[in-house]
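Chemist: Sequence first, then the predicted structure:
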Amino acid sequence: MWVGFLVMTLGAAVITAVGWYAWLGKLPRQHLAGIRTPYTMANDEQWYATHKYGAPYLIFGGVATLAMSLAVLPFAIAGVLPDAFAAAVLLASAFVILIAALCSWFFGVKTAKSHLGQ
């Protein structure tokens, strides 16, 4: 079960880094990471605006999941966690990341459209 927590920890770190780069305006428009919708891929102005406004949600979700994963990882490695508890924490972590990504997309696009006058 500790492998799941290790993967979740690394994934949360990547999500946090992507959010941070997006917030700083250093995440270039590409097809690998970020909010990739027809709206955001249309031009750089829309890409950067969407990521500027959506990044705080992604950072918050990434940091929350990273903290949750790091808090439980040593116990998972030691093998002292009940399987049901470990599964529940992993499921909760995945849910937090999913909600953060959806909020980042929804509120990022919505706010960017209103600020860009579209």
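Modeler: Yep, it's here.
Chemist: quick one: which helix or strand includes the residue in the chain sticking out farthest from the centre?
Modeler: Centroid-distance maximum for the chain: Val80 at 28.4 Å, with CA atoms, centre = their mean. Assignment of secondary structure by DSSP states H and E places Val80 within no helix or strand.
Chemist: Output the below-cut-off pLDDT ranges for this protein.
Modeler: In the prediction, the chain carries no residues with pLDDT under 70.
Chemist: That one: strands as residue ranges?
Modeler: For the chain, no strands are identified by DSSP state E.
Chemist: need the longest helix for it.
Modeler: helix 44-78 (DSSP state H).
Chemist: ok now that helix, how far from the chain's centre?
Modeler: For helix 44-78, the separation from the chain centroid amounts to 4 Å (computed by CA atoms, centre = their mean, to the nearest Å).
Chemist: same thing with stretch 35-51?
Modeler: In this view, stretch 35-51 has its centroid 17 Å away from the chain centroid, taken as CA atoms, centre = their mean.
Chemist: which residues touch that stretch?
Modeler: Contacts to stretch 35-51, defined as CB atoms under 8 Å, 6 or more residues apart in numbering, come from residues 22-23, 25, 27, 29, 34, 54, 104-105, 108-109, 111-113, 115-116. C-beta: built from backbone N, CA, C; applies to glycine.
Chemist: Stretch 83-90 now?
Modeler: Residues outside stretch 83-90 that contact it (CB under 8 Å, 6+ apart) are Met1, Gly4, Phe5, Met8, Met68, Val72, Ala76.
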